[in-house]
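Enquirer: model this:
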Amino acid sequence: MTRSQILLRNQDVLAGLLFLVIAGIVAWGAHHLPMGSGVRMGPGMFPMILCGLLAFLGLLTLVEGLRSATPENATAPLAWGRMLVICGSGVFFALTLAPLGLPAAIFGTVLIAASASRQFRLVPGLGLAALAAVVGWLIFAEALGLPFRLVGPWLQFGGAA
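Expert: Just a heads-up that it's a prediction; the model follows:
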């Protein structure tokens, strides 16, 4: 294993890089807000202070990862396919919530996300998806009163009038 592979499989190096990227994105998004002064802080001061702290922690984590990276503490390669399936399940939920209704969207989302596991089995996956759909409906639509459809327009079967 080369030194660059060891570094890219070190959790501290990856976490430090992630912290730095997040701090940079938020700082870039907040740079147009007025900073104000120390006595009268503007709306941009607090996000920039947090970005500075996050960037500092990111640098500390990155340096520690660079110092301690050895083949023994390298993690396994990332399972990109599984991560894409899980992210795709979130996209599925967003695209199907209105046309299918809440229970069907939750059912499909849970089933797709669960299929990313190596231990996935269809029957327990269907049971988990059904349970999540029922619990999701009971919590969000019934208990909280949020305006979700039980059955969306794609699943409604209307007879001829």
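Enquirer: so what's residue 76 scoring on pLDDT?
Expert: If you check residue 76, the pLDDT there is 72.
Enquirer: Name the nearest residue to it, sequence neighbours excluded.
Expert: Leaving aside its chain neighbours, residue 76 sits nearest to residue 9 (7.5 Å; criterion: C-beta to C-beta, 6 or more residues apart in numbering). C-beta here means a position set from N, CA and C on the backbone, and glycine is covered the same way.
Enquirer: Then residue 13?
Expert: Sequence neighbours aside, residue 65 is the residue nearest to residue 13 in space, at 3.6 Å (criterion: C-beta to C-beta, 6+ apart).
Enquirer: Pull the contacting residues for the one you found.
Expert: Contacts for residue 65 (C-beta atoms under 8 Å, 6 or more residues apart in numbering) come out as 7, 10, 11, 12, 13, 14, 15, 16.
Enquirer: do residue 42 as well
Expert: With C-beta under 8 Å, 6+ apart, residue 42 has these contacts: 33, 34, 35, 36.
Enquirer: mind running it again at 6 Å?
Expert: 34, 35, 36 (C-beta atoms under 6 Å, 6 or more residues apart in numbering).
Enquirer: about what we covered before: following the helix or strand that the residue nearest to residue 13 is a member of, which helix or strand comes up?
Expert: Assigned by DSSP states H and E, residue 65 belongs to helix 45-68. Counting by DSSP H and E, the element after helix 45-68 in chain order, helix or strand, is helix 80-100.
Enquirer: Give the other helices and strands that that following helix contacts.
Expert: With contacts taken as 3 or more C-beta pairs under 6 Å, 6 or more residues apart in numbering; DSSP states H and E, helix 80-100 sits against helix 102-114.
Enquirer: Identify each buried residue in the helix or strand that comes right after the helix it packs on, please.
Expert: Counting by DSSP H and E, the element after helix 102-114 in chain order, helix or strand, is helix 122-136. For helix 122-136, burial by neighbour count (16 or more other C-beta atoms under 10 Å) applies to 125, 128, 129, 132, 133, 136.
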